[in-house]
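1. Okay, predicted coordinates and the sequence, questions at the end:
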Amino acid sequence: MKIAIISNLYSPFVRGGAEVIAQLEAEGLKSAWQHVFVISTRPRNIKIHGKSAIKPAHATVSHDEINEISIWRFSPINIFYYLNDFKYPSFVRLLWHLIDTFNIFSYWTVKKILLKQKPDVVITHNIMGIGFLLPRLFSKLNIKHVHTLHDVQLVTPSGLIIKDKENSLEQIFFKAIGYVKVMRWLMGSPDIIISPSKFLLDFYKRSKFFPKSKKVVLPNPIKNLLNITKQSSYNLELVYLGQVNKAKGILDLITNFKKSKQKHIRLHIVGVGADMAKAKRLAGKDKRIVWHGWLPSAQLVPLLAKMDVLVVPSLCYENSPTVIYESLSLGIPVLASDIGGVAELIQEGSNGWIFPAGDFEAMNKKINSIYKQRDKLSTLAPNCRQSVSKHHIDKYSKKILDLIDEIK
């Protein structure tokens, strides 16, 4: 079978978990003896893996390979590149979203690639930044379409809904201008909708999306279970991994972590984002807070192997965070806020701990309790790995192929 995977971002251009899952899926399906290629975006005038043959024109389609998978990339015509959105004020971003929603240039570019490659099925991940006309294109070309949900961006462009701010001015504005109705019409009903969490699938059902689609809850895949033995230490090493964005709870995490005077608890922060400067100001000169910036996988895994607990303090409704799967696969338990689909992954006291979203006092109490029992953390490692073992990429790929075979 020839399978096209379309994702707004693809390695080496990475922001969050969606593009990590897209790459893992592409490589998993290739290992399952499928013919896979990827369509994604790139900035203008950029080198990929040291190659400088990419021409500056937006419409130019470039080709490269990662792990023997062909990737066709182009730079969508718009005000700025998707990854640079945080640099612009809200009114500019709003205009960008309008162009992106009906980006006819992306439509024609992707159409040319599909007509040349002739895939049997298209699997889409996040398509904001490529354009939301694509589902209409697949329907017109009569290509089977599987769409994987990752966040709530079809209801609010930011993809973020903060707890207790479900009726914020932003949410009311986009409902008022008909954004949800337009997205519902543009997305239509792909043959199959895959959601990593029951929470996100139910969210879109309530919003009346995908009325005729077959809907499946299929947790995100993991690549490997790594049996890492961590040496016992007097310190408790906490790690935050993700976007440095207020909605992810990182600013509150830093503020409340500083309230604890326990010198043997350290907080490692891995990631970059729009609130990086503010986060560093909040951290000040606290030497217990260690900054790592963005790290490629080759450097990230060795760092995580030294950590005791992953902290996911999100204030926004999460789907099924990739970082949780990665942490558990390494045998590292997770301390997370109980929001969105997160609670579907954590069994209290077995592979991690849950605290009420936004209740950072409760979080601090959990951290202090974990510190006092840190000598028992190693006993949780088998539980962590076991909790995600059934989601190995080989099993995930087989389920994807079985679902595709069911499409008439």
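-> Sure, I can see it.
2. any chance you could map the helices in the stretch 101-250 of the chain?
-> Using DSSP state H, counting those that start in this stretch, the helices of the stretch 101-250 of the chain run over residues 104-117, 134-140, 169-176, 179-187, 198-206, 250-259.
3. could you pull out the strands for the stretch 201-350 of the chain?
-> 214-217, 236-241, 265-270, 289-293, 309-312, 334-337 (DSSP state E, counting those that start in this stretch).
4. Reformat these as a markdown table; add mean pLDDT, mean neighbour count and distance to Gly358.
-> (Glycine included, C-beta is placed from N, CA and C.) Shown next, in a markdown table, are these (pLDDT from 0 to 100; neighbours: other CB atoms under 10 Å; distance: least, CB to CB, whole Å):
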| stretch | mean pLDDT | mean neighbour count | distance to Gly358 |
| --- | --- | --- | --- |
| strand 214-217 | 97 | 16 | 26 |
| strand 236-241 | 95 | 22 | 16 |
| strand 265-270 | 95 | 21 | 18 |
| strand 289-293 | 94 | 16 | 21 |
| strand 309-312 | 96 | 25 | 13 |
| strand 334-337 | 96 | 24 | 7 |
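5. Dump those into TSV; add distance to Arg73 as well.
-> What follows is the strands of the stretch 201-350 of the chain, written out as TSV (distance: least, CB to CB, whole Å):
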stretch	distance to Arg73
strand 214-217	29
strand 236-241	26
strand 265-270	26
strand 289-293	25
strand 309-312	31
strand 334-337	34
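6. Just give the nearest non-adjacent residue to Tyr179, would you?
-> If the residues on either side of it in the chain are set aside, Tyr179 comes closest to Pro157, at 7.2 Å by CB to CB, 6 or more residues apart in numbering.
7. That neighbour and Ala247: what is the separation?
-> 14 Å (CB to CB, to the nearest Å).
8. follow-up on the earlier one: can you put the helices of the stretch 101-250 of the chain in a markdown table and add distance to Val334 and mean neighbour count?
-> Below are these laid out as a markdown table (distance: least, CB to CB, whole Å; neighbours: other CB atoms under 10 Å):
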| stretch | distance to Val334 | mean neighbour count |
| --- | --- | --- |
| helix 104-117 | 37 | 17 |
| helix 134-140 | 34 | 18 |
| helix 169-176 | 28 | 13 |
| helix 179-187 | 32 | 17 |
| helix 198-206 | 17 | 17 |
| helix 250-259 | 14 | 19 |
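9. who's the nearest residue to Leu403 once chain neighbours are set aside bridged to?
-> Computed as CB to CB, 6+ apart, the closest residue to Leu403 that is not its neighbour in sequence is Ile192, at 5.4 Å. For Ile192, the beta-bridge partners are Val146, Lys214 (DSSP bridges).
10. Quick one: residues contacting Ile192.
-> Contact analysis of Ile192 by CB atoms under 8 Å, 6 or more residues apart in numbering lists 145-147, 213-216, 403-404, 406-407.
11. Not counting its neighbours along the chain, what's nearest the most centrally placed residue in the chain?
-> Among the residues of the chain, the one closest to the centroid is Gly17, at 2.4 Å (CA atoms, centre = their mean). Leaving aside its sequence neighbours, Gly17 sits nearest to Thr322 (CB to CB, 6+ apart; 2.9 Å).
12. pretty sure that neighbour contacts Val14?
-> No: the criterion here is CB atoms under 8 Å, and Thr322 misses it with Val14 at 10.7 Å.
13. And these two? Which one has more around it.
-> Between Thr322 and Val14, counted using other CB atoms under 10 Å, Thr322 has the larger neighbour count: 22 against 16.
14. gap between that one and Gly129?
-> Distance of Thr322 to Gly129, given as CB to CB: 18 Å.
15. what do you get for Asp394?
-> Asp394 is 30 Å from Gly129, by CB to CB.
16. Compare these two (neighbour count), which wins?
-> Neighbour count, other CB under 10 Å: between Asp394 and Gly129, Gly129 has more, with 21 against 11.
17. per-residue pLDDT, that one?
-> For Gly129, the model assigns a pLDDT of 95.
18. separation between it and Pro43?
-> Counting by CB to CB, the gap from Gly129 to Pro43 is 11 Å.
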